[in-house]
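> quick one, fold the following:
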Amino acid sequence: MNLTAAIFRHEWAAPLWTRFGTWLHDQNPAKPNLITVLRSHQVFFERIDAAFVSVLDMTQASLLEQFGTATLRTHLLPTRFLAEQLNIQISEEAKLQSAEQSRIDETLIAANRKPWGDLLRSYRKDIDAAELSLRSIRMYLATANQFASYVDLGAAPWSVGQIERFLVEHSGARNNLSRFVSFCRRTQEWDVSMPPKGGVSLAPIKDPLATSNRLAGLMTSVEEAGIENANRMTIQKILATALGISLNAIKALSANEFTSSKAGLSVCIQHEQIHLPEELIPYGQRLLRFLQ
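Next comes the predicted model:
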(Lines give C-alpha, C1' and ligand atoms only; values in the text may rest on other atoms or scores of the structure.)
Protein backbone atom coordinates (compact mmCIF):
# COMPACT_ATOMS: atom_id res chain seq x y z
CA MET A 1 0.00 0.00 0.00
CA ASN A 2 2.81 2.42 0.81
CA LEU A 3 4.40 1.91 -2.60
CA THR A 4 1.19 2.43 -4.53
CA ALA A 5 0.19 5.39 -2.36
CA ALA A 6 3.13 7.29 -3.79
CA ILE A 7 1.47 7.50 -7.22
CA PHE A 8 -1.25 9.92 -6.09
CA ARG A 9 -0.92 13.65 -6.67
CA HIS A 10 -3.17 15.08 -3.97
CA GLU A 11 -2.44 14.78 -0.28
CA TRP A 12 -5.94 13.48 0.51
CA ALA A 13 -5.88 10.76 -2.18
CA ALA A 14 -3.17 8.50 -0.69
CA PRO A 15 -4.81 8.30 2.77
CA LEU A 16 -8.15 7.57 1.08
CA TRP A 17 -6.56 4.70 -0.85
CA THR A 18 -5.02 3.37 2.36
CA ARG A 19 -8.37 3.62 4.16
CA PHE A 20 -9.99 1.67 1.35
CA GLY A 21 -7.42 -1.12 1.72
CA THR A 22 -8.08 -1.32 5.46
CA TRP A 23 -11.83 -1.26 4.90
CA LEU A 24 -11.57 -3.98 2.26
CA HIS A 25 -9.56 -6.19 4.63
CA ASP A 26 -12.09 -5.69 7.41
CA GLN A 27 -14.90 -6.84 5.11
CA ASN A 28 -13.37 -10.27 4.67
CA PRO A 29 -9.98 -10.77 6.38
CA ALA A 30 -9.68 -14.41 5.27
CA LYS A 31 -10.22 -13.69 1.59
CA PRO A 32 -7.26 -15.36 -0.21
CA ASN A 33 -7.04 -13.00 -3.19
CA LEU A 34 -7.50 -9.76 -1.26
CA ILE A 35 -4.47 -8.07 -2.84
CA THR A 36 -5.71 -8.94 -6.34
CA VAL A 37 -9.10 -7.44 -5.56
CA LEU A 38 -7.45 -4.33 -4.14
CA ARG A 39 -5.25 -3.86 -7.22
CA SER A 40 -8.28 -4.20 -9.52
CA HIS A 41 -9.73 -1.03 -7.97
CA GLN A 42 -6.54 1.04 -7.96
CA VAL A 43 -7.41 2.66 -11.27
CA PHE A 44 -10.67 3.93 -9.76
CA PHE A 45 -8.79 5.84 -7.06
CA GLU A 46 -6.26 7.09 -9.61
CA ARG A 47 -9.13 8.57 -11.62
CA ILE A 48 -10.60 10.15 -8.48
CA ASP A 49 -7.22 11.70 -7.75
CA ALA A 50 -6.99 13.05 -11.32
CA ALA A 51 -10.57 14.32 -11.48
CA PHE A 52 -11.05 16.07 -8.15
CA VAL A 53 -9.01 18.79 -6.47
CA SER A 54 -10.53 18.10 -3.06
CA VAL A 55 -12.28 15.15 -1.49
CA LEU A 56 -15.15 17.58 -0.86
CA ASP A 57 -15.69 17.80 -4.62
CA MET A 58 -16.86 14.21 -4.68
CA THR A 59 -20.66 14.08 -4.68
CA GLN A 60 -23.34 11.86 -6.13
CA ALA A 61 -23.61 14.10 -9.19
CA SER A 62 -19.88 14.56 -9.77
CA LEU A 63 -19.12 10.83 -9.45
CA LEU A 64 -21.88 9.92 -11.89
CA GLU A 65 -20.70 12.59 -14.31
CA GLN A 66 -17.09 11.44 -14.08
CA PHE A 67 -17.58 7.68 -14.13
CA GLY A 68 -21.10 6.85 -15.30
CA THR A 69 -23.16 3.97 -13.99
CA ALA A 70 -21.24 1.26 -15.86
CA THR A 71 -17.89 2.11 -14.25
CA LEU A 72 -19.44 2.54 -10.81
CA ARG A 73 -21.02 -0.87 -11.20
CA THR A 74 -17.64 -2.35 -12.11
CA HIS A 75 -16.11 -0.75 -9.01
CA LEU A 76 -18.92 -1.62 -6.65
CA LEU A 77 -16.65 -2.09 -3.60
CA PRO A 78 -15.12 1.43 -3.82
CA THR A 79 -18.65 2.80 -4.31
CA ARG A 80 -19.78 1.04 -1.12
CA PHE A 81 -16.66 2.32 0.65
CA LEU A 82 -17.40 5.92 -0.29
CA ALA A 83 -20.99 5.53 0.85
CA GLU A 84 -20.01 4.09 4.23
CA GLN A 85 -16.92 6.18 4.95
CA LEU A 86 -17.72 9.54 3.30
CA ASN A 87 -21.52 9.30 3.18
CA ILE A 88 -21.55 9.77 -0.61
CA GLN A 89 -24.75 7.93 -1.40
CA ILE A 90 -25.63 7.31 -5.05
CA SER A 91 -29.33 6.60 -5.37
CA GLU A 92 -30.82 4.15 -7.83
CA GLU A 93 -32.84 6.98 -9.38
CA ALA A 94 -29.66 8.97 -9.97
CA LYS A 95 -28.04 5.92 -11.56
CA LEU A 96 -31.03 5.46 -13.88
CA GLN A 97 -30.93 9.13 -14.88
CA SER A 98 -27.21 8.92 -15.54
CA ALA A 99 -27.66 5.80 -17.65
CA GLU A 100 -30.34 7.51 -19.74
CA GLN A 101 -28.09 10.54 -20.26
CA SER A 102 -25.21 8.29 -21.32
CA ARG A 103 -27.40 6.56 -23.89
CA ILE A 104 -28.55 9.93 -25.23
CA ASP A 105 -24.94 11.08 -25.55
CA GLU A 106 -23.99 7.83 -27.29
CA THR A 107 -26.79 8.27 -29.83
CA LEU A 108 -25.73 11.84 -30.64
CA ILE A 109 -22.04 10.92 -30.85
CA ALA A 110 -22.82 8.02 -33.19
CA ALA A 111 -24.73 10.42 -35.47
CA ASN A 112 -21.98 13.07 -35.47
CA ARG A 113 -20.46 12.01 -38.78
CA LYS A 114 -23.74 11.09 -40.42
CA PRO A 115 -25.55 13.40 -42.85
CA TRP A 116 -28.40 13.73 -40.33
CA GLY A 117 -26.15 14.54 -37.34
CA ASP A 118 -26.92 18.27 -37.26
CA LEU A 119 -30.64 17.62 -37.68
CA LEU A 120 -30.63 15.17 -34.77
CA ARG A 121 -28.84 17.66 -32.52
CA SER A 122 -31.41 20.32 -33.41
CA TYR A 123 -34.13 17.82 -32.65
CA ARG A 124 -32.58 17.22 -29.23
CA LYS A 125 -32.75 20.95 -28.45
CA ASP A 126 -36.36 21.02 -29.59
CA ILE A 127 -37.23 18.11 -27.30
CA ASP A 128 -35.37 19.73 -24.40
CA ALA A 129 -37.65 22.74 -24.66
CA ALA A 130 -40.62 20.48 -23.96
CA GLU A 131 -39.11 19.55 -20.55
CA LEU A 132 -39.64 15.82 -21.00
CA SER A 133 -38.08 13.08 -18.92
CA LEU A 134 -34.66 11.79 -19.96
CA ARG A 135 -36.21 8.43 -20.75
CA SER A 136 -38.68 10.06 -23.17
CA ILE A 137 -35.91 12.12 -24.76
CA ARG A 138 -33.77 9.01 -25.19
CA MET A 139 -36.62 7.09 -26.84
CA TYR A 140 -37.51 9.95 -29.21
CA LEU A 141 -33.87 10.40 -30.25
CA ALA A 142 -33.23 6.69 -30.66
CA THR A 143 -36.25 6.29 -32.95
CA ALA A 144 -35.33 9.38 -34.99
CA ASN A 145 -31.75 8.15 -35.39
CA GLN A 146 -32.92 4.66 -36.35
CA PHE A 147 -35.30 6.07 -38.95
CA ALA A 148 -32.70 8.51 -40.34
CA SER A 149 -30.28 5.63 -40.74
CA TYR A 150 -32.95 3.45 -42.36
CA VAL A 151 -33.76 6.03 -45.06
CA ASP A 152 -30.17 7.39 -45.22
CA LEU A 153 -31.54 10.87 -44.51
CA GLY A 154 -29.73 13.79 -46.10
CA ALA A 155 -30.72 17.21 -47.36
CA ALA A 156 -33.93 15.93 -48.95
CA PRO A 157 -36.94 14.38 -47.22
CA TRP A 158 -37.80 10.71 -47.29
CA SER A 159 -40.45 9.22 -49.56
CA VAL A 160 -43.82 7.94 -48.41
CA GLY A 161 -42.73 4.47 -49.43
CA GLN A 162 -39.69 4.65 -47.16
CA ILE A 163 -41.60 5.69 -44.05
CA GLU A 164 -44.32 3.15 -44.77
CA ARG A 165 -41.71 0.42 -45.06
CA PHE A 166 -40.03 1.52 -41.83
CA LEU A 167 -43.31 1.42 -39.92
CA VAL A 168 -44.12 -2.03 -41.22
CA GLU A 169 -40.74 -3.32 -40.03
CA HIS A 170 -40.81 -1.29 -36.77
CA SER A 171 -44.49 -1.18 -35.88
CA GLY A 172 -43.84 -0.03 -32.32
CA ALA A 173 -42.03 3.13 -33.47
CA ARG A 174 -45.08 5.02 -34.77
CA ASN A 175 -45.73 7.18 -31.70
CA ASN A 176 -42.08 8.13 -31.18
CA LEU A 177 -41.51 8.81 -34.87
CA SER A 178 -44.52 11.11 -35.17
CA ARG A 179 -42.78 13.83 -33.17
CA PHE A 180 -39.71 13.73 -35.42
CA VAL A 181 -41.84 13.91 -38.58
CA SER A 182 -43.64 16.98 -37.20
CA PHE A 183 -40.30 18.54 -36.26
CA CYS A 184 -38.93 18.07 -39.79
CA ARG A 185 -42.08 19.45 -41.38
CA ARG A 186 -41.91 22.53 -39.15
CA THR A 187 -38.19 23.29 -39.16
CA GLN A 188 -37.10 21.98 -42.58
CA GLU A 189 -40.33 22.93 -44.36
CA TRP A 190 -40.52 19.44 -45.80
CA ASP A 191 -43.78 18.10 -47.20
CA VAL A 192 -43.84 15.07 -44.91
CA SER A 193 -46.45 13.49 -42.68
CA MET A 194 -47.18 10.27 -40.84
CA PRO A 195 -48.90 7.73 -43.07
CA PRO A 196 -52.37 6.77 -41.88
CA LYS A 197 -52.69 3.41 -40.23
CA GLY A 198 -53.68 0.85 -42.81
CA GLY A 199 -52.58 3.14 -45.65
CA VAL A 200 -50.41 2.08 -48.57
CA SER A 201 -50.12 -1.70 -48.63
CA LEU A 202 -46.62 -2.86 -47.77
CA ALA A 203 -45.00 -6.13 -46.87
CA PRO A 204 -41.81 -6.46 -44.79
CA ILE A 205 -38.66 -7.11 -46.82
CA LYS A 206 -37.56 -10.57 -45.77
CA ASP A 207 -34.25 -10.38 -47.62
CA PRO A 208 -33.08 -6.77 -48.23
CA LEU A 209 -29.98 -7.89 -50.16
CA ALA A 210 -32.00 -10.09 -52.50
CA THR A 211 -34.51 -7.27 -53.02
CA SER A 212 -31.72 -4.82 -53.81
CA ASN A 213 -30.15 -7.26 -56.27
CA ARG A 214 -33.49 -7.92 -57.94
CA LEU A 215 -34.12 -4.19 -58.38
CA ALA A 216 -30.62 -3.68 -59.80
CA GLY A 217 -31.21 -6.54 -62.24
CA LEU A 218 -34.53 -5.10 -63.41
CA MET A 219 -33.11 -1.63 -63.91
CA THR A 220 -30.04 -2.93 -65.73
CA SER A 221 -32.17 -4.94 -68.16
CA VAL A 222 -34.29 -1.86 -68.92
CA GLU A 223 -31.26 0.41 -69.39
CA GLU A 224 -29.59 -2.08 -71.72
CA ALA A 225 -32.65 -2.44 -73.94
CA GLY A 226 -33.65 1.22 -73.66
CA ILE A 227 -36.43 2.45 -71.43
CA GLU A 228 -38.61 3.17 -74.46
CA ASN A 229 -38.65 -0.60 -75.10
CA ALA A 230 -39.45 -1.65 -71.53
CA ASN A 231 -42.72 -3.47 -71.03
CA ARG A 232 -45.40 -2.36 -68.61
CA MET A 233 -44.94 -5.18 -66.09
CA THR A 234 -41.19 -4.57 -65.73
CA ILE A 235 -41.74 -0.86 -65.13
CA GLN A 236 -44.40 -1.63 -62.53
CA LYS A 237 -42.09 -4.07 -60.75
CA ILE A 238 -39.28 -1.51 -60.65
CA LEU A 239 -41.49 1.19 -59.14
CA ALA A 240 -43.07 -1.17 -56.62
CA THR A 241 -39.71 -2.54 -55.48
CA ALA A 242 -37.95 0.82 -55.37
CA LEU A 243 -40.75 2.58 -53.47
CA GLY A 244 -41.49 -0.33 -51.15
CA ILE A 245 -45.11 -0.46 -52.28
CA SER A 246 -47.13 -3.53 -53.22
CA LEU A 247 -47.21 -4.43 -56.90
CA ASN A 248 -51.02 -4.45 -56.82
CA ALA A 249 -51.05 -0.82 -55.66
CA ILE A 250 -48.87 0.15 -58.65
CA LYS A 251 -51.02 -1.87 -61.07
CA ALA A 252 -54.12 -0.04 -59.81
CA LEU A 253 -52.78 3.39 -60.83
CA SER A 254 -54.43 5.53 -63.47
CA ALA A 255 -53.00 8.45 -65.47
CA ASN A 256 -55.01 10.92 -63.35
CA GLU A 257 -52.96 10.00 -60.30
CA PHE A 258 -49.71 11.32 -61.82
CA THR A 259 -48.74 14.99 -61.44
CA SER A 260 -45.88 16.57 -63.38
CA SER A 261 -44.35 19.87 -62.26
CA LYS A 262 -41.08 21.79 -62.16
CA ALA A 263 -40.26 19.86 -59.00
CA GLY A 264 -40.50 16.58 -60.88
CA LEU A 265 -43.07 13.81 -61.05
CA SER A 266 -45.34 12.66 -58.25
CA VAL A 267 -47.98 9.99 -57.99
CA CYS A 268 -50.91 9.57 -55.63
CA ILE A 269 -51.17 6.03 -54.28
CA GLN A 270 -54.07 5.27 -51.96
CA HIS A 271 -54.44 8.95 -51.03
CA GLU A 272 -50.69 9.38 -50.36
CA GLN A 273 -48.73 11.79 -52.57
CA ILE A 274 -45.34 10.30 -53.42
CA HIS A 275 -42.62 12.44 -55.03
CA LEU A 276 -40.55 10.17 -57.22
CA PRO A 277 -36.78 10.34 -56.68
CA GLU A 278 -34.90 11.71 -59.69
CA GLU A 279 -33.61 8.28 -60.73
CA LEU A 280 -37.18 6.89 -60.84
CA ILE A 281 -38.75 9.70 -62.87
CA PRO A 282 -38.00 8.07 -66.26
CA TYR A 283 -39.73 4.90 -65.08
CA GLY A 284 -42.70 6.88 -63.80
CA GLN A 285 -42.94 8.71 -67.12
CA ARG A 286 -42.80 5.43 -69.01
CA LEU A 287 -45.64 3.99 -66.92
CA LEU A 288 -47.66 7.16 -67.41
CA ARG A 289 -47.35 6.77 -71.20
CA PHE A 290 -48.75 3.25 -70.88
CA LEU A 291 -51.73 4.63 -68.95
CA GLN A 292 -52.56 7.55 -71.27
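> now do the contacts for Tyr140.
Counting by C-beta atoms under 8 Å, 6 or more residues apart in numbering, Tyr140 makes contact with Tyr123, Ile127, Leu132, Asn176, Arg179, Phe180. Bear in mind the C-beta positions are built from the backbone N, C-alpha and C, glycine included.
> quick one: the second one from Glu100, how far?
Remark: distance between Ile127 and Glu100 (C-beta to C-beta, to the nearest Å) = 13 Å.
> quickly list what's touching both of these two.
Common contacts of Ile127 and Glu100, defined by C-beta under 8 Å, 6+ apart, comprise Ile137.
> among the contacts of Tyr140, which pair sits farthest apart?
Greatest spacing in these, by C-beta to C-beta: Leu132 and Phe180 (13.5 Å).
> higher neighbour count, those two?
Phe180 (24 against 14; other C-beta atoms under 10 Å).
> host element of that one?
Phe180 is located in helix 174-187, with elements delineated by DSSP states H and E.
> tell me what that helix is packed against?
Secondary-structure packing of helix 174-187 (3 or more C-beta pairs under 8 Å, 6 or more residues apart in numbering; DSSP states H and E): helix 117-128, helix 134-151, helix 160-169.
> quick check: buried residues in that helix?
Across helix 174-187, burial judged by 16 or more other C-beta atoms under 10 Å covers Asn176, Leu177, Arg179, Phe180, Val181, Phe183, Cys184.
> give me the low-pLDDT residue ranges for the stretch 51-200 of the chain?
By pLDDT under 70, the low-scoring segments of the stretch 51-200 of the chain are 198-200.
> for the longest helix along the chain, what is the distance to the chain centroid?
Ordering each helix of the chain by length in residues (DSSP state H) puts helix 92-111 first. Distance of helix 92-111 from its chain centroid, counting by C-alpha atoms, centre = their mean, to the nearest Å, is 12 Å.
> from the contact counts, what lies against that helix?
If you count contacts as 3+ C-beta pairs under 8 Å, 6+ apart, helix 92-111 packs onto helix 60-74, helix 117-128, helix 134-151.
> could you redo those as a markdown table and give each row distance to Ser193?
A markdown table is the format used below for these (distance: least, C-beta to C-beta, whole Å):
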| stretch | distance to Ser193 |
| --- | --- |
| helix 60-74 | 38 |
| helix 117-128 | 17 |
| helix 134-151 | 14 |
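> return the most buried member of those.
Most buried of the helices and strands packed on helix 92-111 by mean neighbour count (mean count of other C-beta atoms under 10 Å) is helix 134-151; its value is a mean of 19.
> please name the residues that touch Ile48.
Ala13, Leu16, Met58.
> so the first one makes contact with Phe45?
Read it as Ala13. Yes - applying C-beta atoms under 8 Å, one finds Ala13 in contact with Phe45, separated by 6.7 Å.
> top strand in this structure by residue count?
The longest strand of the chain (DSSP state E) is strand 264-269.
> give me the angle between the longest helix of the chain and helix 60-74.
Between helix 92-111 and helix 60-74, the angle comes out at 80 degrees (axes from the mean of the first three to the mean of the last three C-alpha atoms, to 10 degrees).
> can you list the buried residues in helix 92-111?
Lys95, Gln97, Ser98, Ala99, Glu100, Gln101, Arg103, Ile104, Thr107, Leu108, Ala111.
> do you know how far the fifth one is from Glu106?
Just to be clear, that refers to Glu100. Taking C-beta to C-beta, one finds Glu100 at 11 Å from Glu106.
> if we can go back for a sec, which of Ala13 and Phe45 has more neighbours?
Phe45 (22 against 19).
> now name the helix or strand holding the closest residue to that one other than its chain neighbours.
Distances taken as C-beta to C-beta, 6 or more residues apart in numbering place Trp17 nearest to Phe45, at 4.8 Å, with adjacent residues excluded. Using DSSP H and E, Trp17 sits within helix 13-27.
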